[in-house]
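> With the input below, show me the fold.
(2 chains)
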2 protein chains.
Amino acid sequence: MALAREIVNKFLDSDPSPSLSQDRMKRYEKFADEIAELIRTGVLAPGERVPSVRHASRTYGVSPSTVFQAYYLLEDRGLIQARARSGYFVREHAKRPLHEPDIGTRAAETTDVGVSELVFSVLASLRDPETVPFGSAFPSPELFPMARLARSMAQSVRDMPAREVIAEMTAGNPDLRRQIALRYMVSGVMLPMEELVITSGAMEALNLCLQVVTTPGDLVAIESPAFYATLQVLERLKLKAVEIPVHPREGIDLDVLTDSLARLPIKACWFMSSLQNPLGASMGTEKKQALYALLQQHQVPLIEDDVYAELYFTKDPPKPVKSFDRDGLVMHCGSFSKSLAPGYRIGWVAGGRFAEQISRLKLMTTISPSVPAQAAIADYLQHGGYDRHLRKLRHALEMQQAAMLASAARHFPASTRVTRPSGGYFLWFEFPEQVDSLQLLQLALAQGISLAPGPIFSATQRFRNCARLNHGHPWDARSERAMELLGRMIRSF
Amino acid sequence: MALAREIVNKFLDSDPSPSLSQDRMKRYEKFADEIAELIRTGVLAPGERVPSVRHASRTYGVSPSTVFQAYYLLEDRGLIQARARSGYFVREHAKRPLHEPDIGTRAAETTDVGVSELVFSVLASLRDPETVPFGSAFPSPELFPMARLARSMAQSVRDMPAREVIAEMTAGNPDLRRQIALRYMVSGVMLPMEELVITSGAMEALNLCLQVVTTPGDLVAIESPAFYATLQVLERLKLKAVEIPVHPREGIDLDVLTDSLARLPIKACWFMSSLQNPLGASMGTEKKQALYALLQQHQVPLIEDDVYAELYFTKDPPKPVKSFDRDGLVMHCGSFSKSLAPGYRIGWVAGGRFAEQISRLKLMTTISPSVPAQAAIADYLQHGGYDRHLRKLRHALEMQQAAMLASAARHFPASTRVTRPSGGYFLWFEFPEQVDSLQLLQLALAQGISLAPGPIFSATQRFRNCARLNHGHPWDARSERAMELLGRMIRSF
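Next comes the predicted model:
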């Protein structure tokens, strides 16, 4: 497996022509995905031989080298293994891939939110840098081009005219805003620059959006399970949550939302339409369009939290709901923290009709994100090779997801259920009924392993037997050992 | 005058021993201050000859070179002028130095705040980089060591271990926090590091503090006139202002505050105890101690906005109210934006008993200020020569203040009143009754000059005939011409 990884990495790194490399990557990855799908759905059973290279090449019309690369990739993902002089076989552990959790449908409930204390005590317990960071909210910074960014930073601050340092505080760095608007344009969303407000990470953007469209006591539709910070922000702003169930693959239950919008005076929706945290669900394009139509009908604004937008494993990037927005009703929040520059604290919002109010509120609270950090990212986007970095990052996360899934199948009880997101770096596990994930966290921390327990993702502290595990860090023997230990703890309940 | 400045600058820059240089600076500056005081109080009348160098040297026991330096300084400040072969004379224009404004005492009033729209429209009008920036809230970035900071930034990002980028987000850069705690210690305030929360500028710190100790509808005691952002923040958080009058030299009226605390359920005070914006008033040490005792008696927390702390012209730095805090009742907010690194957006609060709540609220709103910006400032504080920079900065601001005061005496009507702060870069002018500073701003903008009109500094839009002018930019012929034009406009009312 080490050799295979080396070869794949070499292949990815050494090709002098990025576009050619990209095409070739696509071809062997596509083929690997097809084989993986056969394994997942049981067409290729555990222990079964996968087609020989010669056979596959002839049958599927791909070159032998494409097949080789695809098999190295599948081996690296832990799905197949080589046997001496016999070719490749489906791995035994893949015998019973874990099932998808069943979040179920239920009517939305309106609740005051009171989860902040729990979240803080859990987060505080996760801070030890020596733990295996399954509970972390971030991918490994080693996956990011920190050295290249540092060069962009050094150059930007050296070249920056003194007056710009102050001048740029109000509107944000103009190069950065243009680069962001360009990326929107390339992905099919036409935005005037004026709609873009640069913020101190997406967290500030989300806070600003929510404050602009609500007042204390208002109802806000959120997902269930939801990102815990969503719950904390609602609690802080004294807003009431209307929890809309999320299907692990398809996203929020649109019927429940339709019903809720008809029954309740909902003032805003805050949804992650792609790669939802913690489930990883991505709504399909048509569903997104239907969501927009529904919100437009009720004139309810959408805060679209899209911080994982760049971390898709699919061929094409998911389209945001914002791409259907003709009415300025969608506030689309993005960030560089999860895809490029953690710690730089640069995010943004394309604020639609609320952009000016958002910008003013920002001026009254933090004035501006760090001017050098904005300039550094602007420089990197222009000269640093962002798309090349993103391709590598997505590939690494996909590999690591496969490794964690395979490891869970090896070590966790067979009745454990797990999501299989098409991107990001989180898996959501549903353990057997009797498992209490808050207790599990205590046991795990004692062994130097962290995890994000289910109850911090719900205003009503559901999901007691669930947990979110982070696979954003390079997979190694320590990760594997941690999964094994977790498996034992889970069985001990 | 150009020659004198050159000599003084050379003197300031070339001395290889900073401590010796500092001592000598102090001696000639002290002597210059004494002469200036004689001129201000009329002991030395306009046109009168100042003591000869030989006489002064003998009489006051200072070296002839100290006297020379002092006279160059006074000449640069526009207070005296040389006449060929006759020595130095008090300048004619100094005949009628403008008087101090009389803010007066009046009972505190409780008001809803509704000034934000006005402030935004005024601020928007100030953004043209080509105007003479008398309306600006910042000193010239040319007064800051941006190049040296850029080196600190380049080095910090290059050397930063990848994991620290994420690890430092919660608590803030540990070196930066230690450096800030050290500076507190040197100035006589002992703080445990745990009290320090690093924020995205002081503006975030102030917002966090206010939210931690109030809920909508609460009363908050503020100054009148007050920094306009204070008013905007109160308005945004739906808090009611109790305006306490500020004396132009001595700060808030403690009697009015005592009365207000006895009568009204005030939940917090937000005061600038030193170099108040816009008046520049600094409360004396005993008054600060009395303020603390009063607040302790009522157990009302103080948000002490001390962003100009480093910009004093006095021999010793003003002590903050925080230095008397034995009870954790004072949240002391500082920033590097006005003294070192505008645009980096790094501030902090020493949060007393509220530190943990402040830190949590920050985690829910912006998570963390930019990690590279924190590291750059930490590096600069350790190796960049902050104290040397501050001495130069204070000196430049003091020179520029003298130049603006002298220019105002030359060009503004004699009935104009003006403050003479012992630090900072703002002067507060009270024009004749009939002058409307909002109209004056329109006239001035048409001539490429900005100013900060009085009404944006009051919840009740008082101070219609007042304006704050910024002297934080190097004084030149353009500044002088702008003052002349302003003088004409003022007379036109």
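
> Tell me where the stretch 351-493 of chain A has strands.
For the stretch 351-493 of chain A, the strands defined by DSSP state E, counting those that start in this stretch occupy A:417-418, A:426-430, A:452-453, A:466-470.

> Reformat those as a markdown table; add distance to chain B and mean neighbour count.
For glycine as for every other residue, the C-beta is placed from the backbone atoms N, C-alpha and C. A markdown table is the format used below for these (distance: least, C-beta to the nearest C-beta, whole Å; neighbours: other C-beta atoms under 10 Å in any protein chain shown):
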| stretch | distance to chain B | mean neighbour count |
| --- | --- | --- |
| strand A:417-418 | 25 | 20 |
| strand A:426-430 | 16 | 25 |
| strand A:452-453 | 15 | 26 |
| strand A:466-470 | 12 | 26 |
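
> Which of the ones you listed sits closest to A:Val371?
Closest to A:Val371 of those is strand A:466-470 (C-beta to C-beta; 31.4 Å).

> got the CA coordinates for the top strand by length along chain A in PDB?
In chain A, assigned by DSSP state E, the strand with the most residues is strand A:240-247. Provided in PDB are the C-alpha atoms of strand A:240-247 (Å, rounded to 0.1, in the frame of the first residue of the first chain):
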ATOM      1  CA  LYS A 240     -36.000  29.900  18.600                       C
ATOM      2  CA  ALA A 241     -35.000  26.900  16.400                       C
ATOM      3  CA  VAL A 242     -37.300  25.100  14.100                       C
ATOM      4  CA  GLU A 243     -35.400  21.900  13.500                       C
ATOM      5  CA  ILE A 244     -35.800  20.400  10.000                       C
ATOM      6  CA  PRO A 245     -34.600  16.700   9.800                       C
ATOM      7  CA  VAL A 246     -31.800  16.100   7.400                       C
ATOM      8  CA  HIS A 247     -31.500  12.900   5.300                       C
END
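
> Return the list of helices and strands in contact with that strand.
Strand A:240-247 sits against strand A:110-111, strand A:219-224, helix A:228-236, strand A:251-252, helix A:254-263, with contacts defined as 3 or more C-beta pairs under 8 Å, 6 or more residues apart in numbering or on different chains; DSSP states H and E.

> any idea which helix or strand comes after the first one?
Scanning forward in sequence from strand A:110-111, with DSSP states H and E defining helices and strands, the next element found is helix A:116-125.

> The next helix-or-strand element following that next one: how far from the chain's middle?
On the C-terminal side of helix A:116-125, the closest following helix or strand by DSSP H and E is helix A:146-159. How far helix A:146-159 lies from its chain's middle: 27 Å, per C-alpha atoms, centre = their mean, to the nearest Å.

> So which bits of the helix or strand just after helix A:146-159 are buried?
Counting by DSSP H and E, the element after helix A:146-159 in chain order, helix or strand, is helix A:162-171. Across helix A:162-171, burial judged by 16 or more other C-beta atoms under 10 Å in any protein chain shown covers A:Ala162, A:Glu164, A:Val165, A:Ile166, A:Ala167, A:Glu168, A:Met169, A:Ala171.

> Excluding its own residues, what touches helix A:162-171? List them.
Contacts of helix A:162-171 with the rest of the structure, by C-beta atoms under 8 Å, 6 or more residues apart in numbering or on different chains, involve A:174, A:177, A:359, A:363, A:367-368, A:371, A:374, B:127, B:129, B:136, B:138, B:140-142, B:144, B:146, B:342-343, B:345.

> Now tabulate the helices and strands packed on strand A:240-247 in TSV and tack on mean pLDDT and mean neighbour count.
Shown next, in TSV, are the helices and strands packed on strand A:240-247 (pLDDT from 0 to 100; neighbours: other C-beta atoms under 10 Å in any protein chain shown):
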stretch	mean pLDDT	mean neighbour count
strand A:110-111	74	16
strand A:219-224	96	25
helix A:228-236	91	24
strand A:251-252	96	26
helix A:254-263	96	16
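
> A:Ala84 is nearest to which of these?
The closest of the helices and strands packed on strand A:240-247 to A:Ala84 is strand A:251-252. By C-beta to C-beta, the value is 45.3 Å.

> Not counting that closest one itself, show me its contacts.
Here strand A:251-252 has contacts from A:Glu223, A:Ile244, A:Pro245, A:Val246, A:Phe271, A:Ser273, A:Gln276, A:Ala281, A:Ser282, A:Met283, A:Lys287, A:Leu291, using C-beta under 8 Å, 6+ apart.

> show me where pLDDT drops low in the stretch 201-350 of chain A?
Nowhere does the stretch 201-350 of chain A drop to pLDDT under 70.

> now the helices for it?
Here the stretch 201-350 of chain A has its helices, by DSSP state H, counting those that start in this stretch, at A:201-213, A:228-236, A:254-263, A:285-298.

> can you tell if the second one touches chain B?
Just to be clear, that refers to helix A:228-236. Yes: using C-beta under 8 Å from any C-beta of the partner chain, helix A:228-236 comes into contact with chain B via A:Ala229, A:Gln232, A:Val233, A:Arg236.

> Give me the neighbour count for A:Gln299.
A:Gln299 has 8 neighbouring residues, counting by other C-beta atoms under 10 Å in any protein chain shown.

> Just the buried subset of the contacts of helix A:162-171, please.
By neighbour count, with 16+ other C-beta under 10 Å, the contacts of helix A:162-171 hold A:177, A:359, A:363, A:367-368, A:371, A:374, B:136, B:138, B:140-141, B:144, B:146, B:342-343, B:345 as buried.

> mind checking how far the closest residue to A:Asp327 other than its chain neighbours is from A:Pro133?
The shortest distance from A:Asp327 to any non-neighbouring residue, by C-beta to C-beta, 6 or more residues apart in numbering or on different chains, is to A:Gln296 (5.8 Å). For A:Gln296, the distance to A:Pro133 equals 41 Å [C-beta to C-beta, to the nearest Å].

> Please apply the same query to A:Gln442.
Relative to A:Pro133, A:Gln442 is positioned 17 Å away (C-beta to C-beta).

> Just list the residues touching whatever residue of the stretch 201-350 of chain A ends up closest to chain B, thanks.
Nearest residue of the stretch 201-350 of chain A to chain B, counting by C-beta to the nearest C-beta: A:Gly343, 3.5 Å away. Applying C-beta under 8 Å, 6+ apart to A:Gly343 gives the contacts A:Pro141, A:Ser337, B:Val165, B:Ile166, B:Glu168, B:Met169, B:Ser368, B:Ser370, B:Val371, B:Pro372.
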